[in-house]
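# could you look at this predicted model? Sequence included:
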Amino acid sequence: MRLTLALLLFSLAPSAFAACQPALLDKTERRLTGGEENLCQAHGGKVVLVVNTASKCGFTPQYEGLEALYKTYQAQGLVVLGFPSDQFMNQEYSSDEEIAKFCKLNYGVSFPMYRKSDVKGDDANPLFRDLKAATGEAPSWNFNKYLISRDGQRVQHFGSRVKPDDPAFVAAIRAELTRKAP
């Protein structure tokens, strides 16, 4: 009876028993607006662009370009994930609520934004530790970008000076979007 029940459950919900793909996203994060979200369940199988952000930085206007990328390519499977950090010259607001308000009012950010966290060093957010391990590059400033393929096998790093509308950067995103999901 137990085996039959287990087989029935598996046939009804095989994804509940499947491993997270890509494993790099097998993390739970708190959204800026509240609530926790498993990144793999929410964004697995998509091309993921992870960006460490800050509200009071010379690169902050990149929010506009990131939002444009998200709106342009979301239907094709791109998701942008923003992770505010205050590690570079204290250029972020103190509370998640202030950050969320700033992003929405000033740049109309609609892509997922997560709690403020460290992105380098011993206390780095686990996702950023894994991104550094995958690329050899920790964020050296705000608005570093990590492009993750649908299967997590390819992770590319782009520095702060690479703008969201940079032709080579957009070409890298498009290339990942055209690759078939595993």
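Sure thing, it's come through.
# quick one: low-confidence parts of the protein?
1-19, 181-182 (pLDDT under 70).
# which parts of this structure are strands?
28-30, 36-38, 47-53, 78-84, 145-148, 155-158 (DSSP state E).
# how far does the second one sit from its chain's centre?
On the basis of CA atoms, centre = their mean, to the nearest Å, strand 36-38 is displaced by 12 Å from the centre of the chain it belongs to.
# return the list of helices and strands in contact with it.
Packed against strand 36-38 by the contact rule (3 or more CB pairs under 8 Å, 6 or more residues apart in numbering; DSSP states H and E) you find strand 28-30. The way it works is simple: take the backbone N, C-alpha and C, and place the C-beta from them, glycine included.
# quick one: list the elements packing against the strand it packs on.
Secondary-structure packing of strand 28-30 (3+ CB pairs under 8 Å, 6+ apart): strand 36-38.
# highest mean neighbour count out of the strands of the chain?
Sort the strands of the chain by mean neighbour count, taking mean count of other CB atoms under 10 Å, and strand 47-53 sits at the top with a mean of 26.
# follow-up on the earlier one: to residue 133, which of the strands of the chain lies closest?
Each of the strands of the chain has some distance to residue 133 by CB to CB; the shortest is strand 155-158, at 9.3 Å.
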